[in-house]
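Undergrad: need a 3D model of the following:
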Amino acid sequence: DIIDMGEDSRLYYPTLYDFLALRSIGVSKVAATVGYGDFDTSPTGVELEQLASPAIDYINLKMKPDLNKQLSIFRYYQQYLTDLLSRNLTPTAILTDIDRIDYLGERSRSFTGDTKLKAYQNLYQYYEKNDAAAEIIMKITNSYGYDYQNKDKDNLEIYNWLKKGIEKYPDYYAINILKNSLIDLEMPSISMQGQQVFYSKKPIKIELTYKNTQALGKDLNFYIYKIENSEYTNVKEFPLSITSKSTYNTDTLSMDLGTLPVGRYCFSNLTKDELNNEETYSYSKYRNRLDFVVSDLISFSRNSNKDEFEIFVVDRVTGEPIKGASVNIYETQSRRNNESQKLLSSITTNDMGLALYKHQNPSNKDYYNINYKVQLGVDSCLKTESLYGQNYRWTQSNSQSGEEKVNIFTDRSIYRPGQTVYYKAIAMNENSKLLANKTYKVKLYNANREAINDVELRTNEYGSFAGEFILPQSGLLGQYFITTGNETVY
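TA: Okay, here's the model as predicted:
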């Protein structure tokens with residue numbers, strides 16, 4: 001046998017001709033990709049939108065007779081749809097129309113987004129009375145993009161389409177696809193967003209994002225746990241009664257968790273036993289929990305000479321140099337897929353908050369990987385930072401003023417539109433002297449590298465300044481960055 005008869009094959013593709021027509025369309029799709037650059041439909045003699053019209057209109061298009069192999073597929077579609085309509089095989093015509101629109105979306109750069117969505121909506125208007133129009137609804141709901149600014153509006157439209165399809169075509173054989181999509185759309189969810197590091201003297205503020213929590217049928221308790229030696233200890237509890245405005249869109253609640261002493265913490269609605277369970281931990285790591293550190297310290301480093309590093313430790317908010325902090329230097333060693341950390345040196349910061357490390361490199365290697373970790377008493381939860389031997393950012397200069405260096409930090413690495421970016425910078429010269437009472441211009445750039453905001457700030461007595469930028473509610477998504485002087489942070 002050359003045809004594998006499926007459960008619905010006689011309903012949708014009852015003859016050998018159907019098999020051969022589909023085969024010719026499939027072969028034409030492959031042939032259209034060979035030896036051609038841009039996909040240009042203008043030689044057909046009809047508009048691109050007309051090539052996506054319903055079959056009843058499409059079969060009457062007056063296409064030019066001499067189509068090349070890249071465009072001959074549209075002739076095959078026309079011939080097959082003419083035959084399908086003559087045999088009253090409307091469900092098959094619907095599937096073929098969908099396939100044609102999908103093909104245009106794959107090949108044409110201009111047939112995307114709203115254009116493709118409108119083509120499906122136009123298709124649905126024509127076939128609405130046929131149960132197979134449920135297939136078009138599936139395509140419509142999948143055609144909404146990931147536009148964050150219009151997400152709530154898009155979800156409402158997706159919800160309405162799914163409800164309409166389920167109610168209008170309850171006996172369609174594939175209706176469970178729409179039902180499952182609605183279940184996914186209304187699935188209860190909870191997530192937390194906040195900084196990775198907080199200051200012990202300032203309130204900890206986070207955002208709780210939730211959807212359809214009323215479907216859980218109970219109020220939720222949230223907890224702050226302190227993490228020590230991989231064990232969780234409950235330090236605060238927050239009972240909340242939260243109800244979503246709709247079943248398909250997320251809502252956001254801003255929360256003030258108060259202040260906490262230095263340490264490593266987790267905010268979650270999971271119980272202590274669930275968090276301590278390894279399987280639950282791996283499942284919930286990026287869902288129902290927010291891990292953060294409370295620390296009064298911040299550190300940064302630079303090459304001061306070949307194989308020589310200056311590591312600075314300062315107060316996270318004021319920029320005041322921290323004297324007496326321990327800076328432990330480690331080397332990462334890899335053996336048989338196992339990594340270990342070898343302690344190379346332990347240095348104490350001086351009055352300037354500076355720890356100077358000279359790496360022993362007798363082989364004069366161009367590349368090595370060493371790390372450092374900062375500790376001041378119980379304040380030891382900052383992540384390990386890297387020092388890369390090949391990153392030479394040092395120069396020898398005869399200038400009396402010296403080369404200035406500005407280190408910029410932001411409160412997090414990923415933001416949503418409309419959120420506030422909090423940043424801090426510390427300025428010093430090539431001799432590691434902090435530059436007090438000096439003015440710098442700070443600029444915010446969008447993903448097109450266009451300056452969209454700027455401000456002038458003056459360093460305090462510790463050579464630091466801090467500020468904030470509010471990201472646009474609408475506009476370009478992508479990688480934004482902040483610059484001051486010759487320094488940039490993304």
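Undergrad: pretty sure residue 423 belongs to a helix, no?
TA: No: under DSSP: H, G, I helix; E, B strand; the rest coil, residue 423 sits outside any helix and is assigned strand.
Undergrad: the helices in the stretch 101-250 of the chain, which residues?
TA: Taking DSSP state H, counting those that start in this stretch to define them, one finds helices in the stretch 101-250 of the chain at 114-127, 133-142, 151-168, 175-185.
Undergrad: same question for the shortest one, mean pLDDT?
TA: Taken as a whole, helix 133-142 has an average pLDDT of 96.
Undergrad: quick one: list the elements packing against that helix.
TA: Under the contact criterion of 3 or more CB pairs under 8 Å, 6 or more residues apart in numbering; DSSP states H and E, helix 133-142 touches helix 90-107, helix 114-127, helix 151-168, helix 175-185. For the C-beta atoms, the positions are set from N, CA and C on the backbone; glycine is no exception.
Undergrad: do you know which of those helices lies nearest residue 451?
TA: Relative to residue 451, the nearest member of the helices and strands packed on helix 133-142 by CB to CB is helix 151-168, separated by 27.5 Å.
Undergrad: what lies in contact with the closest one?
TA: 134, 137-138, 140-141, 144-145, 147, 175, 178-179, 181-182, 185-186, 246-249 (CB atoms under 8 Å, 6 or more residues apart in numbering).
Undergrad: pull out the buried positions in the host helix or strand of residue 313.
TA: Assessed by DSSP states H and E, residue 313 sits inside strand 308-315. Neighbour-count burial for strand 308-315, counted by 16 or more other CB atoms under 10 Å, picks out 309-315.
Undergrad: mean confidence for it?
TA: Averaging pLDDT along strand 308-315 gives 88.
Undergrad: and which of the buried residues of strand 308-315 is nearest to residue 20?
TA: Among the buried residues of strand 308-315, residue 309 lies closest to residue 20 (CB to CB), at 71.5 Å.
Undergrad: rewinding a little: which helices and strands does the strand holding residue 313 pack with?
TA: Packing partners of strand 308-315 (3+ CB pairs under 8 Å, 6+ apart): strand 297-305, strand 354-358, strand 369-375, strand 420-428.
Undergrad: adjacent strands (with direction) for the helix or strand just after it?
TA: The element immediately downstream of strand 308-315 (helix or strand, assigned by DSSP H and E) is strand 326-335. Paired with strand 326-335 in the same sheet, following DSSP bridges, are strand 338-348 (antiparallel), strand 369-375 (antiparallel).
Undergrad: got the angle for strand 326-335 vs strand 297-305?
TA: Orientation check (axes from the mean of the first three to the mean of the last three CA atoms, to 10 degrees): strand 326-335 against strand 297-305 gives 70 degrees.
Undergrad: flag every buried residue along strand 326-335.
TA: Under the neighbour-count rule (16+ other CB under 10 Å), strand 326-335 has 326-331 buried.
Undergrad: stretch 256-267 now?
TA: 257, 260, 262-263, 265-267.
Undergrad: and what of stretch 169-189?
TA: 169, 172, 175, 177-178, 181-182, 185-186.
Undergrad: how much space separates the nearest residue to residue 427 once chain neighbours are set aside from residue 320?
TA: Distance criterion CB to CB, 6 or more residues apart in numbering; nearest residue to residue 427, sequence neighbours excluded, is residue 435 at 4.2 Å. Between residue 435 and residue 320 the distance is 14 Å, computed by CB to CB, to the nearest Å.
Undergrad: do residue 364 as well
TA: Where residue 320 is concerned, residue 364 sits at a distance of 38 Å (CB to CB).
Undergrad: what's the answer for residue 311, then?
TA: As judged by CB to CB, residue 311 and residue 320 stand 16 Å apart.
Undergrad: same deal with residue 373?
TA: 21 Å.
Undergrad: now the angle from the strand holding residue 313 to strand 369-375?
TA: Relative orientation of strand 308-315 and strand 369-375, computed by the same axes, to 10 degrees: 30 degrees.
Undergrad: what's in contact with strand 308-315?
TA: Contact partners of strand 308-315, identified using CB under 8 Å, 6+ apart, comprise 296-304, 320-322, 325, 327, 347, 349, 352-359, 372, 374, 376, 387, 394, 426, 428, 432, 462, 464.
Undergrad: can I get that strand in CSV, CA atoms only?
TA: The C-alpha trace of strand 308-315 is given here as CSV (Å, rounded to 0.1, in the frame of the first residue of the first chain):
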residue,chain,number,x,y,z
GLU,A,308,47.8,42.3,39.6
PHE,A,309,44.3,43.0,40.8
GLU,A,310,42.8,45.7,43.0
ILE,A,311,39.6,44.6,44.8
PHE,A,312,37.5,47.3,46.5
VAL,A,313,34.9,46.7,49.1
VAL,A,314,32.5,49.6,50.0
ASP,A,315,29.2,50.2,51.7
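Undergrad: now do that strand: distance to the chain's middle.
TA: Here the centre of strand 308-315 is set off from its chain's centre by 32 Å, with CA atoms, centre = their mean, to the nearest Å.
Undergrad: straight-line length of stretch 110-118, end to end?
TA: Start-to-end span of stretch 110-118 (CA to CA, to the nearest Å) is 13 Å.
Undergrad: pLDDT below threshold where in the stretch 351-490 of the chain?
TA: Along the stretch 351-490 of the chain, segments meeting pLDDT under 70 span 366, 389-403.
Undergrad: low-confidence stretches in the stretch 201-350 of the chain?
TA: Residue ranges of the stretch 201-350 of the chain with pLDDT under 70: 278-287, 336.
Undergrad: give me that answer again for 50
TA: Filtered on pLDDT under 50, the stretch 201-350 of the chain yields the residue ranges 279, 281, 283-286.
Undergrad: how close does residue 77 sit to residue 70?
TA: Relative to residue 70, and taking CB to CB, residue 77 is found at 14 Å.
Undergrad: which one of the two is surrounded by more residues?
TA: Remark: of residue 77 and residue 70, residue 77 carries more neighbours, 23 against 20, as counted by other CB atoms under 10 Å.
Undergrad: what sits up against the helix or strand harbouring the more buried one?
TA: For residue 77, the host element (DSSP H and E) is helix 72-86. With CB under 8 Å, 6+ apart as the test, helix 72-86 has contacts from 17, 21-22, 24-25, 28-29, 32, 41, 44, 51, 55-56, 58-59, 61, 63, 67, 90, 92-93, 96-97, 100, 103.
Undergrad: out of the residues you listed, which are inside helices?
TA: Assigned to helices by DSSP state H, the following of the contacts of helix 72-86 qualify: 17, 21-22, 24-25, 28-29, 55-56, 58, 90, 92-93, 96-97, 100, 103.
Undergrad: which ChimeraX command selects the buried ones in the contacts of strand 308-315?
TA: With 16+ other CB under 10 Å as the criterion, this ChimeraX line picks the buried residues out of the contacts of strand 308-315:
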select :296,297,298,299,300,301,302,303,304,320,321,322,325,327,347,349,352,353,354,355,357,359,372,374,376,387,394,426,428,432,462,464
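Undergrad: what number of residues lie near residue 381?
TA: By other CB under 10 Å, the residues close to residue 381 number 19.
Undergrad: no further questions, thank you.
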